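> have a look at this fold, sequence not included:
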């Protein structure tokens, strides 16, 4: 594992560090938008007083903290880069492939290094029609078994958000609503199931995190932040899901296919919301990491 001096120094000195994924760079957007979102996310993390730790697999090694050239490599590779969840890490490493980490893959690295905060757009979850397909993202299990806070705008809207909320409860993952009483639905701020607790500011989140880890040191939390300027595109999502289902896609191929169609059907509106929430969530993850560090040092 190759950790940059900046990230290693911050971890050694117990300064706030925020992990960021690379799937959004290679699979989440087209025309360089993912690279722009990743660069801006890192800038927002630094602006809030934390150190960004973007994770990816390059030439058979896990890199924690990527250079500009390495981020560009993921953007240029696009979907030819492997989409790497926790189960895929070993194969990607052994085969020397270029691997873009998902939320779950990034959390597996966080667990090894002791990084406690992560910012992302939306988490994976329970897919629609899961009773027939058993298509459930590995992100949920990784959140449950990693002592970290994942800041996201809820499960991606193409999923069964209600069932995802139920499974998070079963896995004993606290779902904290950032100034909201319901779980956001990625593009839309409202319409999801109730959260387990509403939080008003980062110091409050930090106190809950400390209490949670004192009681259950191995478990993670989800901090669900509603998107600013969210849009209601449920009809478009339903159509996109139906089209992708007719193509018999499954597993990791479903999400990028649906998101691409939603982008097309919404005339690009979905992409702007997606990019903005990714950057905002990175900033909130950093603010929370800073608050937690201050609490620990007080």
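Looks like it came in fine. Since the structure is predicted, the reported quantities are computational estimates derived from the model, not experimental observations.
> so what does residue 153 have for phi and psi?
Main-chain torsions, residue 153, degrees, to the nearest 10: phi -90, psi 50.
> what sits against it?
121, 122, 184, 186, 224, 225, 226, 227, 277, 281 (C-beta atoms under 8 Å, 6 or more residues apart in numbering). From N, CA and C alone the C-beta is placed, and that goes for glycine too.
> keep only those of the residues you listed that are in strands.
Counted as lying in strands by DSSP state E, out of the contacts of residue 153, are residue 224.
> for the longest helix along the chain, buried residues please.
Using DSSP state H, we find that the single longest helix of the chain is helix 269-297. Using 16 or more other C-beta atoms under 10 Å as the test for burial, helix 269-297 gives 269-271, 273-293.
> ok, now stretch 152-166?
Applying 16+ other C-beta under 10 Å to stretch 152-166 flags 152-165 as buried.
> how about the residues you listed in a markdown table, adding distance to residue 63, pLDDT and secondary structure?
Listed next are the buried residues of stretch 152-166 as a markdown table, based on distance: C-beta to C-beta, whole Å; pLDDT from 0 to 100; DSSP: H, G, I helix; E, B strand; the rest coil:
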| residue | distance to residue 63 | pLDDT | secondary structure |
| --- | --- | --- | --- |
| 152 | 23 | 97 | strand |
| 153 | 26 | 94 | coil |
| 154 | 28 | 92 | coil |
| 155 | 28 | 92 | strand |
| 156 | 26 | 80 | coil |
| 157 | 31 | 75 | coil |
| 158 | 29 | 79 | coil |
| 159 | 29 | 87 | strand |
| 160 | 34 | 89 | coil |
| 161 | 33 | 92 | helix |
| 162 | 37 | 93 | helix |
| 163 | 34 | 94 | helix |
| 164 | 30 | 95 | helix |
| 165 | 33 | 95 | helix |
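> ok, so of those residues, who is nearest residue 208?
residue 152 (16.5 Å; C-beta to C-beta).
> where's the closest one relative to residue 67, distance?
Using C-beta to C-beta, to the nearest Å, residue 152 is found at 26 Å from residue 67.
> next one: residue 97
19 Å.
> more crowded one of those two?
residue 97 (17 against 12; other C-beta atoms under 10 Å).
> element containing the more buried one?
Counting by DSSP states H and E, there is no helix or strand that carries residue 97.
> tell me who's in contact with it.
So residue 97 contacts 57, 60, 81, 82 (C-beta under 8 Å, 6+ apart).
> packing partners for the helix or strand hosting residue 75?
According to DSSP H and E, residue 75 maps onto helix 68-77. On a contact count with 3 or more C-beta pairs under 8 Å, 6 or more residues apart in numbering; DSSP states H and E, helix 68-77 meets helix 33-47, strand 51-58.
> can we see that at 6 Å?
In terms of contacts (3 or more C-beta pairs under 6 Å, 6 or more residues apart in numbering; DSSP states H and E), helix 68-77 is packed against helix 33-47.
> now do the buried residues in the helix it packs on.
33, 34, 35, 37, 38, 39, 40, 41, 42, 44, 45.
> residue contacts, residue 143?
Residue 143 makes contacts with 150, 173, 220, as judged by C-beta atoms under 6 Å, 6 or more residues apart in numbering.
> can you redo these as CSV with neighbour count, pLDDT and secondary structure?
Shown next, in CSV, are these (neighbours: other C-beta atoms under 10 Å; pLDDT from 0 to 100; DSSP: H, G, I helix; E, B strand; the rest coil):
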residue, neighbour count, pLDDT, secondary structure
150, 26, 98, strand
173, 21, 97, coil
220, 27, 97, coil
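> tell me the spacing between the residue in the chain sticking out farthest from the centre and residue 206.
For the chain, the residue at maximal distance from the C-alpha centroid (C-alpha atoms, centre = their mean) is residue 298, at 29.3 Å. According to C-beta to C-beta, residue 298 stands 10 Å off from residue 206.
> re the thing from before, farthest-apart pair in the buried residues of stretch 152-166, please.
Between all members of these, the farthest pair (by C-beta to C-beta) comes out as 153 and 163, at 17.7 Å.
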